[in-house]
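Undergrad: Just need the structure, nothing else, for what follows:
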Amino acid sequence: MDSKKLERYGAVNNVCLMILAGTALTALLVYAKVVLMPFVIAYFIYMLLNTAASYMKQKFKIPTYLGLFATVILFLCFAVLAIFFVSNSVESFIQSTDSYAEKVNDTIDWAILTAQKMGIALNSKVLINYLNNIPVFNMVKTMGGNIVSVFTNASLICLFVIFIFMSSAKEKTNFVSNIEKQISLYLVVKIGVSLLIALWTFLVLKTVGSELAVMIAFLSFVLNFIPNIGPFIATMLPIPVLFLQYGFDWHIIIAILLLATAHFIIGNILETKWLGKGMDLNPVIVVACLIFWALVWGVMGALLAVPLTSIAKMIFEQYDSTRPLASILAGRNITKPRNIILTK
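TA: Numbering: from 1, shown residues only. Modelled structure (predicted):
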């Protein structure tokens, strides 16, 4: 067999092997997500705490173990405060369900009367059934269940964090250090940006007198981790609440304008400035990977889609056979891989 045919068949063989390996890896991610998801979250927490401890050591000459202890305490305080505010918001929302049901009925009556004045006949029963069949509450319930599952698996996550810290005493390769440095920078910037978005959302909603301001601000913090789609959903979140409170008036317009402006400035200017070239991922590929990780790990997969895809890209760059995949993820021209088929 001549060299051209061998090279062609070798390329086809490599593609087939990659497809089989990707299918097997996807099946593993789906069936082992009960263990893999807490481990990934634990590793990201470790990178955040380790980065904070290293910064405290370089900036304030604080010993590493003391810095780790301080960062762990701060992280636990933040988690407790988040749980407290979210639980209070959920409780207040549950207690106000009757009043929201009345507002929904009043809104339906207003829509029917307005339509009748315009010569459009609407059936209230059909409209109510249509609203009940909208899967918004199921989506919110699913998202809340995924977030709550993280807190229920807190013991497993803490156990993984301890084991990771114990194993981190060993010397790391440059490749692992580069991954941790890039991912920790992304997480630190993303958390800071999301906190700014949440704080601004809370202030805007309080200014216009919106209910559920704390819950919407927390959801905006979480949704900001989902690229492209998350900020848009976070901007639209206050519309139903404000519409039930005031109808379609200046409250909704001011809130949407202020939130959209904040998402644009903070997300596209500040975040880009702080991250530099970012995770070196193509925007179209980011959306595709967002869909993939959401199908594999649900809402938590969507939240972790960017760092997980970035880690995969950096791993692909280490091998000649998978380097074209890294080029695709980065949106660059595909470089021709070296032939890895061994010939006699």
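
Undergrad: middle-most residue in the protein, spatially?
TA: Leu303 (1.9 Å; C-alpha atoms, centre = their mean).

Undergrad: I'd say Thr309 and Cys289 touch.
TA: Yes. In terms of C-beta atoms under 8 Å, Thr309 counts as a neighbour of Cys289; the distance is 4.3 Å. Where you see a C-beta, it was placed from the backbone N, CA and C, and this is true even at glycine.

Undergrad: Now do the shared contacts for the two.
TA: Leu281, Leu329 (C-beta atoms under 8 Å, 6 or more residues apart in numbering).

Undergrad: that older thread, may I have the phi/psi pair for the residue nearest to the centre of the chain?
TA: phi -70, psi -30 (degrees, to the nearest 10).

Undergrad: For the residue lying closest to it once chain neighbours are set aside, the count of nearby residues, please.
TA: Residue nearest to Leu303 in three dimensions, not counting chain neighbours: Phe225, with 4.5 Å by C-beta to C-beta, 6 or more residues apart in numbering. By other C-beta atoms under 10 Å, 20 other residues sit near Phe225.

Undergrad: Over to the one 10 residues further on?
TA: The local packing of Thr235 (other C-beta under 10 Å) involves 23 other residues.

Undergrad: Tell me the spacing between it and Leu17.
TA: 44 Å (C-beta to C-beta, to the nearest Å).

Undergrad: same check, this time on Leu325
TA: 12 Å.

Undergrad: Over to Cys289?
TA: With C-beta to C-beta as the criterion, Cys289 and Leu17 are 21 Å apart.

Undergrad: what does Phe60 give?
TA: Phe60 is 50 Å from Leu17, by C-beta to C-beta.

Undergrad: So the two - more neighbours on which side?
TA: Leu17 (12 against 8).

Undergrad: hmm, back to that, hmm, the residue nearest to the centre of the chain is touching Pro227, no?
TA: No. Using C-beta under 8 Å, Leu303 is not in contact with Pro227; the gap is 10.0 Å.

Undergrad: re the thing from before, identify the residues contacting the residue nearest to the centre of the chain.
TA: By C-beta under 8 Å, 6+ apart, the residues touching Leu303 are Val222, Phe225, Ile226.

Undergrad: Mind telling me what element the last one is part of?
TA: For Ile226, there is no enclosing helix or strand under DSSP states H and E.

Undergrad: How many neighbouring residues does the nearest residue to Tyr246 once chain neighbours are set aside have?
TA: Of all residues not flanking Tyr246 in the chain, Ile252 sits nearest, at 7.4 Å (C-beta to C-beta, 6+ apart). Residues lying near Ile252 (other C-beta under 10 Å) number 20.
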